[in-house]
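Colleague: Just to be clear, the model below is a prediction. Sequence and coordinates:
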Amino acid sequence: MLMTSRRAVVFAGAASGVAAIAPRRVWAQAAAPAPAPAGPFTLPPLPYAPTANEPSIDAQTMSLHHDRHHAAYVANLNAALKDHGQLAALPLAELLTKLPEVPDTIRTTVRNNAGGHANHSMFWTVMGGKGGDPWGPVAAAITRDFGSIAQLKEAFQKVGLGVFGSGWVFVSVDKGGKLALTPRPNQDTPLMEGSSVLFGNDVWEHAYYLKYQNRRADYLTAWWNVINWDAVSDRYAKAQAGSLPL
Ligand code: MN3
């Protein structure tokens, strides 16, 4: 009976905009972001707890990055495509290759937010690992195309530091399995040219500023501690099979 009456009070408080009397647990739920619009695009859940990449990537950054930044790209994309049913029905990767066909009035919004949705959907899945060394065919491809994993990391670091302002550093993979470092500004992605992304790191300040402030180099170095090589290997196989969705 106590719980019932407490809940009733909390709901009444929330409805009238008075949250101060809510117990902590309920207050935390009330503070969560509003659900995204119905679609067609949806925010994928983080595939691990926000703490999974500690201490390299702090939990607060992970939560804000996923729950707020990525959610906003999805919401903005859905809003932009609200009256464009044919575009809204396309798979995300296909939409990204058809930007020239998107009406002028929404093209930049679609470019930024569809790109942001694709990039972050990839990003979460290649993290949550333990770093270390890659294995199998992707390790062989790295050695073939960059010389060694150490040389890839060195080149990736240099390119990541060279992105002026906000953007991404990707390792893209072509249909023959050849790898290349491909930095992109803003939320652009090699998917826009029909290429596949093997993995990539987000060098927007929102990805690291809470913990690293201006020290992007330290963030780039630490990020390798949480790369999930199993996931990257899986992406490599799918890219070559033509079955990698993003
Ligand atoms: Mn980001």
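Modeller: Great, that's in hand.
Colleague: my guess is residue 46 is in a strand, correct?
Modeller: No. Using DSSP: H, G, I helix; E, B strand; the rest coil, the assignment for residue 46 is coil, not a strand.
Colleague: Help me confirm that it comes into contact with residue 123.
Modeller: No. Between residue 46 and residue 123 there is no contact under CB atoms under 8 Å: 10.4 Å. Every residue, glycine included, has its C-beta placed from N, CA and C.
Colleague: Of all the residues in stretch 89-102, which ones are buried?
Modeller: Buried residues in stretch 89-102, counted by 16 or more other CB atoms under 10 Å: 90, 92, 93, 95, 96, 102.
Colleague: Taking these, tell me the two that lie furthest apart.
Modeller: The most widely separated members of these are 93 and 102, with 14.4 Å between them, by CB to CB.
Colleague: just the residues of the chain that are near the ion, which are they?
Modeller: Neighbours of the ion within the chain, by CB under 5 Å from the ion: 202, 204.
Colleague: Excluding sequence neighbours, find me the nearest residue to residue 190.
Modeller: Leaving aside its sequence neighbours, residue 190 sits nearest to residue 172 (CB to CB, 6 or more residues apart in numbering; 4.3 Å).
Colleague: gap between the one you found and residue 155?
Modeller: To residue 155, residue 172 is 13 Å away according to CB to CB, to the nearest Å.
Colleague: So which of the two has more stuff around it?
Modeller: Remark: of residue 172 and residue 155, residue 172 carries more neighbours, 21 against 15, as counted by other CB atoms under 10 Å.
Colleague: I'd say the more buried one and residue 180 touch.
Modeller: Yes. With contact defined as CB under 8 Å, residue 172 and residue 180 form a contacting pair (5.3 Å).
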